[in-house]
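Participant: got a sequence here, can you build the structure:
(chains A and B)
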Amino acid sequence: NAGVTQTPKFQVLKTGQSMTLQCAQDMNHEYMSWYRQDPGMGLRLIHYSVGAGITDQGEVPNGYNVSRSTTEDFPLRLLSAAPSQTSVYFCASSYGIGGATGANVLTFGAGSRLTVL
Amino acid sequence: AKTTQPISMDSYEGQEVNITCSHNNIATNDYITWYQQFPSQGPRFIIQGYKTKVTNEVASLFIPADRKSSTLSLPRVSLSDTAVYYCLVGANTGFQKLVFGTGTRLLVSP
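Facilitator: You can find the predicted model right below:
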């Protein structure tokens, strides 16, 4: 049982490049989400998904795309990287309605540290 | 629901630490969940409650009758409890945004 796995752990991009941060969970969680955390700051919600095929915007969605084709995977795409997107990105998942524990009990990945030059 | 926490707290080893979170607009279906985050790691779940008091092997959570605030209590803290603590308020249904507040940075000194 690996929990929430994020790849890559570190990435350096040039302005304008695109990339995808991968997130996979093996807990059969319905709810998945992406947060970014800037140095010394709190967590800000980018996008979230309540199940396969269903996604919605969070607090700071601009510049990011997501899709959820399977229960296990929730990739985050940066369309055209900007220095303002330099941050640590965390993927999290939880059971949705009817789960053994509530949706608010999130399991986080180890994070992906992105630097945009 | 929007939450407000103190930005930082200081304590010494062996003391009890109480971190309060205000959530004045908490809804009937909302639960209160606390997380701990160490540097360079993702947050991890500590405790969750709906009302009154909840205790586990790590912490206690006190919620007054009006539920407009909650207090995370860490008994006899050690240096390893130095971390950022977040409270999260929302329904447990999984069909809403889960937005974190700014968190409380706890520093435990010898």
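Participant: model confidence over stretch A:54-66, on average?
Facilitator: Stretch A:54-66 shows a mean pLDDT of 95.
Participant: contacts (any at all) between chain B and that stretch?
Facilitator: Yes. Residues of stretch A:54-66 are located near chain B by Cβ under 8 Å from any Cβ of the partner chain, namely A:56, A:58-59. In this view, the C-beta of every residue, glycine as well, is placed from N, C-alpha and C.
Participant: from A:Ser49, how far out is B:Thr4?
Facilitator: 28 Å (Cβ to Cβ, to the nearest Å).
Participant: which one of the two is surrounded by more residues?
Facilitator: The neighbour count for B:Thr4 versus A:Ser49, taken as other Cβ atoms under 10 Å in any protein chain shown, is higher for A:Ser49 (21 against 13).
Participant: pretty sure the more buried one is touching A:Gln25, no?
Facilitator: No. At 11.3 Å, A:Ser49 does not count as touching A:Gln25 under the criterion of Cβ atoms under 8 Å.
Participant: what touches both of these two?
Facilitator: Overlap of the contact sets of A:Ser49 and A:Gln25 (by Cβ atoms under 8 Å, 6 or more residues apart in numbering or on different chains) consists of A:32, A:74.
Participant: of the residues of stretch A:54-66 next to chain B, select the buried ones using a ChimeraX command.
Facilitator: Typed into ChimeraX, the next command selects the buried ones out of these (criterion: 16 or more other Cβ atoms under 10 Å in any protein chain shown):
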select /A:58
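Participant: just the residues of stretch A:54-66 next to chain B: which are in strands?
Facilitator: A:Asp56 (DSSP state E).
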